[in-house]
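# Sequence below, structure please.
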Amino acid sequence: MGKRVQKKARRAARRRRRWRNAIIGGVLVAGAIAAFVATRPPPRDPSLPLPVAEEVSRGPADAPVTIVEYGDFNCPSCRVYYLQGIIDRVLALYPVEVRYVWRHFPIITPSSPKLAEAAECAADQGAFWEFHDALFDAAPTSAGQMVGFAGRLSLDVEAFSQCFASRGYRDPVRDQMREALGHGFRGTPSFMINDTPLAGPPSYEYLISVIESQLN
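Prediction:
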């Protein structure tokens, strides 16, 4: 009698383990599906304007192809993409056909919006791209380091400090963040080519193929 009870208990325990494993497996699969869906950008809102010529950019304002990057200076993936030099290579290959625009999407850390504002203060002195490169070369940075960066780049530190302390670029940076969200982006870096959102950071080869299709 005791052995039969023990066997019955063991069978019940096995059934419970199988049921628990099935539930866990289902949760993991559902999570993977959700993560996949979340990384796909939703359809772009056609009512949103594309960035225009007065944005900080590299390349001719009238270039037939515009690459827009929505990035965050505290974003590790943005830094990796910058260090790969993909945009530099593309612009070297297409000096008149391609224009590259940077748009702020400061969502990674609490200090990200202030870093974006600091870059705009550097832009007031014609040094946006130098500041952009310095931030990415330095890896994750805090708002307290911004005046030091300005000094190392030989900017007018007093003018920079006044600009940065005023938070005058807070609303423009927020506007760019809202724009990125409106285009369906939820992470950084995010990219568009002309009016087409890309699903993830594009490789050099993929960028070339898309640019060629736009030019032809």
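# Break the protein down into its domains, please.
Listed domain ranges for the chain are 1-39, 57-215 (source: automatic domain parsing).
# Wait, residue 91 touches residue 85, no?
No. With contacts counted by CB atoms under 8 Å, residue 91 stays clear of residue 85, the gap being 10.2 Å. Heads up, the C-betas are built off the backbone N, CA and C, glycines and all.
# Could you check which of those two has the larger neighbour count?
Higher neighbour count among residue 91 and residue 85: residue 91, with 17 against 11, using other CB atoms under 10 Å.
# wait, is that one part of a helix?
Yes. Counting by DSSP: H, G, I helix; E, B strand; the rest coil, residue 91 is part of a helix.
# tell me the contacts of residue 91?
Going by CB atoms under 8 Å, 6 or more residues apart in numbering, residue 91 touches 58, 59, 98, 100.
# and the helix or strand harbouring the last one, what does it pack onto?
Put plainly, it is residue 100. Secondary structure from DSSP states H and E places residue 100 in strand 98-104. On a contact count with 3 or more CB pairs under 8 Å, 6 or more residues apart in numbering; DSSP states H and E, strand 98-104 meets strand 57-58, strand 65-71, helix 86-93, helix 112-123, helix 170-182.
# could the ones you listed go into JSON lines alongside mean pLDDT?
Shown next, in JSON lines, are the helices and strands packed on strand 98-104 (pLDDT from 0 to 100):
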{"stretch": "strand 57-58", "mean pLDDT": "98"}
{"stretch": "strand 65-71", "mean pLDDT": "98"}
{"stretch": "helix 86-93", "mean pLDDT": "98"}
{"stretch": "helix 112-123", "mean pLDDT": "97"}
{"stretch": "helix 170-182", "mean pLDDT": "96"}
